[in-house]
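**Q** I'll drop the sequence and a predicted model, then ask my questions.
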Amino acid sequence: MDLEIYNMTELDLSLLKDILIDEFDDFWTFDILEDELNNPNSEYFVAKMDNNILGFAGIWKSVDDVHITDIVVKKTNRKSGIGSKLLEKLIQTAKKENFKAITLEVNENNIPAINLYLKYGFKKVGFRKKYYKHKDNAIIMTKDF
């Protein structure tokens, strides 16, 4: 079966509840995702195959640009193209809704993610010191449309 990407639902969120910390990452808790799902300025997507959630991604929409909040792939499914498909969906959504740019922060040590964003035309535009857990620095990247 093919990978499906669509808007996250309450059911998807409930399916993530028990596996979120162990199978994804420790930053996106159930409570944070629940708040994001109910935020009118947020839009979240899930990547599913055979009814299993393999990844999710979200954006915040502001006046004329979109901010990527996260792209998270299940630890056992990383490096399989799911992150690329989710990023494509976020870019497509921003373009379709006529936003002028899409921006994100990425950990300076996350070389695979930085390379992914560069591949999709993002440019390094800034830097945030000790952004992640008051330790790792972030690179700010933007793609203009």
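**A** Sure thing, it's come through. Residues are numbered from 1 along each chain as shown.

**Q** Please name every helix or strand in contact with the worst-scoring helix or strand of the chain on mean pLDDT.
**A** In the chain, no helix or strand scores lower on mean pLDDT, DSSP states H and E than helix 20-23, which sits at a mean of 82. The criterion is 3 or more Cβ pairs under 8 Å, 6 or more residues apart in numbering; DSSP states H and E, and there are no helices or strands that helix 20-23 contacts. C-beta: built from backbone N, CA, C; applies to glycine.

**Q** and the residue nearest in space to the middle of the chain, what is it in contact with?
**A** Taking Cα atoms, centre = their mean, the centroid of the chain lies closest to I71, which sits 2.3 Å from it. Neighbour list for I71: 55, 57, 83, 86-87, 90, 113 [criterion: Cβ atoms under 8 Å, 6 or more residues apart in numbering].

**Q** With Y131 as the reference, measure out to the nearest residue to M49 once chain neighbours are set aside.
**A** Take M49 and drop its neighbours on the chain: the residue closest to it by Cβ to Cβ, 6 or more residues apart in numbering is L3, 5.0 Å away. To Y131, L3 is 30 Å away according to Cβ to Cβ, to the nearest Å.

**Q** Repeat that for L16.
**A** Where Y131 is concerned, L16 sits at a distance of 24 Å (Cβ to Cβ).

**Q** What of F145?
**A** Distance from F145 to Y131, by Cβ to Cβ: 25 Å.

**Q** which one of those two has more residues nearby?
**A** Y131 (17 against 13; other Cβ atoms under 10 Å).

**Q** Show me the shaky parts of this protein.
**A** 1, 26 (pLDDT under 70).

**Q** For it, which segments are assigned as strands?
**A** Remark: strands assigned in the chain by DSSP state E are 4-7, 42-49, 52-61, 65-73, 101-107, 123-132, 136-144.

**Q** could the ones you listed go into TSV alongside distance to Y117?
**A** Shown next, in TSV, are the strands of the chain (distance: least, Cβ to Cβ, whole Å):
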stretch	distance to Y117
strand 4-7	18
strand 42-49	17
strand 52-61	13
strand 65-73	9
strand 101-107	6
strand 123-132	9
strand 136-144	5
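
**Q** Of these, which is nearest K95?
**A** strand 101-107 (8.7 Å; Cβ to Cβ).
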